[in-house]
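Asks: Dropping the sequence and predicted coords here.
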Amino acid sequence: MPRSRRRRGNPPESAHDNVPGVGTIDELLANNRGFAESMPNGHLDVRPSRRLAIVTCMDSRLNVFEALGLRDGEAHVLRNAGGVITDDVIRSLAVSQRRLGTREVILIHHTDCGMQTLSDDGFRAELQEATGVAPAFAIESFTDLDADVRQSILRVRRSDFLLHTDVVRGFVYDTDTHRLREIETPA
Ligand SMILES: [Zn+2]
């Protein structure tokens, strides 16, 4: 099957499958050499030109820049499991707004999220049973995507550490249709 016609959901055919000693990372390093050669050298401002920060999930199917038509240098993208507004995300947003000039925030959750497959109590117990240590961090699983987007918007809006909380919009990305659906929140 040609690479471009690969069916979604199947693992990629990998050149290293038949090459002993060459792993994924080596393959990616070779990709980077080709990428660097194909790109003009140039310097972009460290401050995102669209003055935008995006918080989203680590999901491997969501290519944020392609899905939104963004280019290099235009936006910050903060990612974690679920696109959750953790203290560390607030830390990054504070730097983004106070040092690097961003003003608007987009939050993107998505359908078929891995965080919908676990529960806070269950995953916490699993980690504790496996290691003997209960994690200090919150698991932050969710079942209702829309409700969690609303919660995330409120966390950003109510953060005292941020300068700009007037434009904070939340969406659910459909990983099958690639469309964004906006989640309305009370003003
Ligand atoms: Zn996810």
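Replies: Thanks, I have the structure now. Numbering: from 1, shown residues only.

Asks: longest single helix anywhere in this structure?
Replies: Determined from DSSP state H, the single longest helix within the chain is helix 24-38.

Asks: What's the first helix or strand after that one?
Replies: Remark: after helix 24-38, the chain's next helix or strand is strand 52-57, criterion DSSP states H and E.

Asks: list the buried ones in the next helix or strand after that following strand?
Replies: Scanning forward in sequence from strand 52-57, with DSSP H and E defining helices and strands, the next element found is helix 64-68. If you call a residue buried by 16 or more other Cβ atoms under 10 Å, then helix 64-68 has these buried ones: V64, A67, L68. (Each C-beta comes from the backbone N, C-alpha and C, glycine too.)

Asks: Determine the set of other helices and strands touching helix 64-68.
Replies: For helix 64-68, the elements it packs on are strand 52-57, strand 75-80, judged by 3 or more Cβ pairs under 8 Å, 6 or more residues apart in numbering; DSSP states H and E.

Asks: could you redo these as TSV and give each row mean neighbour count, mean pLDDT and distance to the ion?
Replies: Output for these, formatted as TSV (neighbours: other Cβ atoms under 10 Å; pLDDT from 0 to 100; distance: least, Cβ to the ion, whole Å):
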stretch	mean neighbour count	mean pLDDT	distance to the ion
strand 52-57	23	98	3
strand 75-80	18	98	9
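
Asks: still on that earlier bit, sort out which residues of the longest helix of the chain are buried, please.
Replies: For helix 24-38, a neighbour-count test (16+ other Cβ under 10 Å) marks nothing as buried.

Asks: picking that back up, what's the closest of the buried residues of helix 64-68 to the ion?
Replies: Within the buried residues of helix 64-68, the smallest distance to the ion is 12.3 Å, found for V64 (Cβ to the ion).

Asks: Show me what from the chain comes close to the ion.
Replies: Contact residues, the chain versus the ion (Cβ under 5 Å from the ion): C57, D59, C113.
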